[in-house]
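In: with the sequence up front, the predicted model follows.
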Amino acid sequence: MDRFQLYIDGAFEDGAARFPSIDPATGTPWADMPEARAAEVDRAVSAAERAFRTGAWPKMTASQRGKLLLKLADLVQAAAPELARLETRDTGKIIRETTAQIAYVAEYYRYYAGIADKIEGAHLPIDKPDMEVWTRREPVGVVAAIVPWNSQLFLSAVKLGPALAAGCTVVLKASEDGPAPLLHFARLVHEAGFPAGVVNILTGFGPTCGHVLTTHPRVAHIAFTGGPATARAVVRNSADNLASTSLELGGKSPFIVFADADLDSAANAQVSGIFAATGQSCVAGSRLLVEASVKDAFLARLKAKAEAIRIAAPDDMATEVGPLCTARQRDHIAATIAASVAKGAKIVTGGAAIDGPGFYFPPTILDCSDAPDAPALSEEFFGPVLSVTPFTTEEEALEKANDTAYGLASGVFTQSLTRAHRMIRGLRAGVVWVNTYRAVSPIAPFGGHGLSGHGREGGMAAALDYTTTKTVWLRT
Ligand code: NAD
């Protein structure tokens, strides 16, 4: 079995205990993982705090930090095949997607390398002739970064990149499900030459690792991606210490198709919008709202495309949908579909887990036209399940789109420019994609409202979130 280690204070170690990681394609253990518990978390936070205050890191100029991030980007790019192989093996995400995603993980590190020496304070024109007043942007301190199992390399890059550019130090907790790619990434951090303690990488379980990290008195900021229930625990944990938080949580994103849309293009976007990453994506366009006059035509296209999807082993470049990450996830999806069918939802295609080894679930479409109370319309599946409801007017589309406790992403398909603008104004979501879906860039902020969390990742603003402002008054 492959064997992985924790990375604390510039050294690799085995952890308090070991646990097996399960290959989602076969349901059998394939790797031996280290578990961090209270003592390891405490040592990692102490190392991060030491590195923040003393040694080489605080003496580095911003452009020197940028150069280290550039080196890391190059190492990620060079290691892309191995990182992709590990992420595919450990999480079941298909190799075509992990390969593509790691290419832009390197781009995120490059972008934040360029940001490092552009974090500026300001000179303030105070109304006193004998005073010079200005602000300095200083790093907040030790950052706890916590990620879920899906896209761990990407979800950590959007935290580490801006945090390190700003001059913070980081304790990164990989998910206990599929931590291999981040534990391998630790080797690249080491090779890049970051001073010991600047980046520490752990894995472990929520109650014994995540809890200790988020209650730690020396953590200044918690950057969390995961589900809303865990986020509530994290915010409660942060209260004693009054650490700041940024929360990237789930979604139940509306994908709105008007009758005047290019239906072929919308159907392609909808299929990848919900079935990519086997639906385990926070921005999954999981609620299709389709204008009633084109519902049948559009559903026919979707059904044909969904049934043509190649479901196979995730390490095959030709595979389009692979297994879910865990058996727990598969069972949650099956139970939510059953509860929705009991409320009147009709299965258009898919609907039941695939027998055999591995955690496979087929692309599924649920027609919820006569099931307004189906949990499929309100609860996040985090799987390959699309719920469909029709609408007849633009107002109804907007009302249904916003009828959710989440507010992460949204998609609008129409040829009408004026309608697109009205929808952009009305949608309660952190991202609106018009005639496209799922586009991302390091330059573009990303985040949500409501149960989807708060704070933004991407862009300059994310780097500023890892800084605090110091105001200086100098009598001349
Ligand atoms: P989760 O909330 O169960 O776990 C996320 C992380 O939190 C894991 O590393 C876990 O070990 C840790 N954790 C668990 N209990 C903890 C505690 N008490 N204190 C501190 N840490 C704790 O999430 P999940 O089920 O692994 O991931 C799926 C969720 O993540 C979905 O809701 C999905 O939408 C969301 N997500 C959001 C985004 C985004 O950018 N908005 C991206 C990907 C996933």
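Out: Thanks, I have the structure now.
In: of all of the stretch 1-150 of the chain, which residue lies closest to the ligand?
Out: Pro148 (2.9 Å; CB to the nearest ligand atom). To be clear about C-beta, it is placed using only N, CA and C from the backbone, and glycine gets the same treatment.
In: who in the stretch 101-250 of the chain is up against the ligand?
Out: Counting by CB under 6 Å from any ligand atom, the stretch 101-250 of the chain comes close to the ligand at 146-150, 155, 173, 175-176, 206-207, 210-211, 214, 225-227, 230, 233-234, 248-250.
In: pull out the buried members of those residues.
Out: 146-150, 155, 173, 175-176, 206, 210-211, 214, 225-226, 230, 233-234, 248-250 (16 or more other CB atoms under 10 Å).
In: among those, which lie within strands?
Out: 146, 173, 225, 248 (DSSP state E).
In: now for the lowest-mean-pLDDT helix or strand in the chain, which elements pack on it?
Out: Using mean pLDDT, DSSP states H and E, the weakest-scoring helix or strand in the chain turns out to be strand 2-3, at a mean of 94. Helices and strands touching strand 2-3, by 3 or more CB pairs under 8 Å, 6 or more residues apart in numbering; DSSP states H and E, are strand 28-35.
In: each with direction, which strands does the strand it packs on pair with?
Out: strand 2-3 (parallel), strand 17-23 (antiparallel) (DSSP bridges).
In: okay, that strand in PDB with CA atoms only?
Out: Extracted in PDB, the C-alpha atoms of strand 28-35 (Å, rounded to 0.1, in the frame of the first residue of the first chain):
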ATOM      1  CA  THR A  28     -11.100  -1.500  -1.000                       C
ATOM      2  CA  PRO A  29      -8.200   0.100   1.000                       C
ATOM      3  CA  TRP A  30      -5.300   1.200  -1.200                       C
ATOM      4  CA  ALA A  31      -3.200   3.600   1.000                       C
ATOM      5  CA  ASP A  32      -2.000   4.000   4.500                       C
ATOM      6  CA  MET A  33      -2.800   7.500   5.900                       C
ATOM      7  CA  PRO A  34      -1.400   9.400   8.900                       C
ATOM      8  CA  GLU A  35      -3.900  10.700  11.500                       C
END
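In: quick one: pLDDT of the residue lying closest to the residue of the stretch 1-150 of the chain closest to the ligand once chain neighbours are set aside?
Out: Nearest residue to Pro148 in three dimensions, chain neighbours excluded: Gly226, at 4.5 Å (CB to CB, 6 or more residues apart in numbering). Note for Gly226: predicted pLDDT of 97.
In: equivalent analysis for Asp240, please.
Out: 87.
In: quick one: Val388 and Asp370 touch, right?
Out: No. Using CB atoms under 8 Å, Val388 makes no contact with Asp370, being 11.2 Å away.
In: neighbour-wise, which of those two wins?
Out: The neighbour count for Val388 versus Asp370, taken as other CB atoms under 10 Å, is higher for Val388 (24 against 11).
In: now do the contacts for the more buried one.
Out: 288, 290, 295, 299, 348, 365-369 (CB atoms under 8 Å, 6 or more residues apart in numbering).
In: any chance of those in a markdown table with distance to the ligand and secondary structure as columns?
Out: Shown next, in a markdown table, are those (distance: CB to the nearest ligand atom, whole Å; DSSP: H, G, I helix; E, B strand; the rest coil):
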| residue | distance to the ligand | secondary structure |
| --- | --- | --- |
| Leu288 | 18 | strand |
| Val290 | 23 | strand |
| Lys295 | 27 | helix |
| Leu299 | 25 | helix |
| Val348 | 24 | strand |
| Ile365 | 20 | strand |
| Leu366 | 19 | strand |
| Asp367 | 24 | strand |
| Cys368 | 20 | coil |
| Ser369 | 26 | coil |
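In: let's see the ChimeraX selection covering just the buried ones among those.
Out: Of the contacts of Val388, the buried ones go into a single ChimeraX selection, burial set by 16+ other CB under 10 Å:
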select :288,290,295,299,348,365,366,367,368
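In: which member of the contacts of Val388 is positioned nearest Ile333?
Out: Leu366 (11.2 Å; CB to CB).
In: not counting residues beside it along the chain, what's closest to the residue of the stretch 251-400 of the chain found nearest the ligand?
Out: Minimum separation of the stretch 251-400 of the chain from the ligand (CB to the nearest ligand atom) falls at Cys282, amounting to 3.1 Å. Counting by CB to CB, 6+ apart, Cys282 lies nearest to Gly251, which is 5.2 Å off, once chain neighbours are set aside.
In: hang on, the one you found packs against Val283?
Out: Yes. Using CB under 8 Å, Gly251 is in contact with Val283, at 6.1 Å.
In: need the overlap of contacts for the two.
Out: 408-409.
In: which of these two has more neighbours?
Out: Gly251 (29 against 25).
In: tell me the contacts of that one?
Out: Gly251 neighbours (CB under 8 Å, 6+ apart): 282-284, 286, 380, 406-409, 448, 452.
In: give me the buried entries from those.
Out: Applying 16+ other CB under 10 Å to the contacts of Gly251 flags 282-284, 286, 380, 406-409, 448, 452 as buried.
In: from the residues you listed, pick the one nearest Arg310.
Out: Ala284 (19.4 Å).
In: residues touching that closest one, list them.
Out: 251, 253, 273-274, 277, 381-382.
In: out of those residues, who's near the ligand?
Out: Within the contacts of Ala284, those near the ligand by CB under 6 Å from any ligand atom are 251, 382.
In: C-terminal to the one helix or strand Arg425 maps to, what's the next element?
Out: Secondary structure assignment for Arg425, by DSSP states H and E: helix 417-426. Following helix 417-426 in sequence order, the next helix or strand is strand 433-434 (DSSP H and E).
In: so how far is that next one from its chain's centroid?
Out: 19 Å (CA atoms, centre = their mean, to the nearest Å).
In: do stretch 30-48 as well
Out: 22 Å.
In: gap between the two ends of it?
Out: 31 Å (CA to CA, to the nearest Å).
In: buried residues in stretch 262-271?
Out: 263, 266-267, 269-271.
In: of these, which are in range of the ligand?
Out: Okay, of the buried residues of stretch 262-271, nothing touches the ligand (CB under 6 Å from any ligand atom).
In: in strands, which of these appear?
Out: Using DSSP E, none of the buried residues of stretch 262-271 sit in strands.
In: middle-most residue in this structure, spatially?
Out: Leu155 (4.5 Å; CA atoms, centre = their mean).
In: check whether His449 really touches Val431, as I assumed.
Out: No. Using CB under 8 Å, His449 is not in contact with Val431, being 10.7 Å away.
In: strands of the stretch 51-200 of the chain, residue ranges please.
Out: 123-124, 131-139, 142-146, 169-174, 199-203 (DSSP state E, counting those that start in this stretch).
In: reformat those as CSV; add mean pLDDT.
Out: Formatted as CSV, these follow (pLDDT from 0 to 100):
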stretch, mean pLDDT
strand 123-124, 98
strand 131-139, 98
strand 142-146, 98
strand 169-174, 98
strand 199-203, 98
